[in-house]
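Novice: sharing a sequence plus its predicted fold:
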Amino acid sequence: DTQKAAIGAIYQERFGVAPEAVSFAPGRVNLLGEHTDYNDGFVLPMALRDLGVAVAIGKSDRIGEIDIWSETLSERARRDVAEADADGWSGYVLGCARAVARDRLASCGIKIALATSVPLGAGLSSSAALEVATLRALSSLFAFGLTPDAIAKTAKTVENDFVGLPCGIMDQFASSVGEPGTALFLDTKTMAYEAAPELAGYRFVVIESGVRHSLTNSGYAERVDECKSACGALGVSS
C-alpha cells in the first residue's frame, strides 16, 4: 500500500492529475526450478514481501500514445501502440498494452508512472513484476477483470512473443498468483499449483551478489534451444 500510494503521488506530480488506477506486483526468488519451467517440470518460487513494481495509470486524449515515466530511471518514454519495437525498458509496458488494450487505445491514450524496489538485473524477476503490475493496472483501468492466472499467461506471452525471450511461466506466475512470503509449488505441465507449507523456525534471506545479468544476453535462449534439441534426439516432448 505504501508503494502504491507513493507511485500515485508521483503520477499526480508528473502528469498534473490523479491516476485512475494503481497496482503493485512483487518480484520473486527461486527456491527450485532453474530451467525446468519451460521443460514441463516442477518449480518452487516465492513472491517477495516488500520488493516489487508499482504502477499508476490514467487515460489521455492522445489516441494510441503510451506516455511512460520511470521514477526509478528518471526517464520518460513515449510509445505508440502500433509500434512493434520491444527495445528498452518501455518495451515491456508497450507489449502489455498491445496484448490486452490495443482496441481500447484506438479511442484514447494512456499515461503511466512506474517505480521498482526490485534491484534491476539481480535475478529477482523485475521484468516479470513490471509485466504483471502493468497488466493489473490496465485491467483495472479498462475493467477487463483479468484473473491472476490470465495475467500470468498474458505476461509470459508478452515476454515470449514481443520481448523475444523464450522463458517459461515461473516468474510471471509467481508474481501474479503467489502470495508474498509464501512458496508456491507449480507443475508447469498441468499448471496445477498450491502453496507450500511454511517451514516453522526458518526464514529465507536473499543476498545481493553485486553481479548484474540480462536474460536476453545471458545464453538463456541457447539453453532453451539445447533442451529442445535434446528432446528431439530422445524422442520425448519434454
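Specialist: Thanks, I have the structure now. Everything numeric in this text was worked out from a predicted model, so none of it was measured.

Novice: residue ranges in the chain under the pLDDT threshold?
Specialist: Residue ranges of the chain with pLDDT under 70: 213-217.

Novice: tell me the buried residues in the strand or helix carrying residue 29?
Specialist: Here residue 29 sits within strand 21-32, counting by DSSP states H and E. With burial defined by 16 or more other C-beta atoms under 10 Å, the residues of strand 21-32 counted as buried are 21, 22, 23, 24, 25, 26, 27, 28, 29, 30. Glycine gets a C-beta too; all of them are placed from N, C-alpha and C.

Novice: check stretch 220-227 too.
Specialist: In terms of neighbour count (16+ other C-beta under 10 Å), stretch 220-227 has its buried residues at 220, 224.

Novice: make 13 the first number, not 1, from now on.
Specialist: Done: numbering now begins at 13, and the last item shifts to stretch 232-239.

Novice: how far away from the center of its chain is that stretch?
Specialist: 21 Å (C-alpha atoms, centre = their mean, to the nearest Å).

Novice: which residue, other than its chain neighbours, is closest to residue 139?
Specialist: Distances taken as C-beta to C-beta, 6 or more residues apart in numbering place residue 104 nearest to residue 139, at 5.9 Å, with adjacent residues excluded.

Novice: for the one you found, give me its contacts.
Specialist: Residue 104 makes contacts with 98, 139, 142, 143, 146, 170, 175, as judged by C-beta atoms under 8 Å, 6 or more residues apart in numbering.

Novice: what's around the first one, how many residues?
Specialist: Looking back up the chat, that one is residue 98. Using other C-beta atoms under 10 Å, residue 98 has 19 other residues around it.

Novice: so it touches residue 109, yeah?
Specialist: No - in this structure, residue 98 is not within contact of residue 109 by C-beta atoms under 8 Å, at 12.0 Å.
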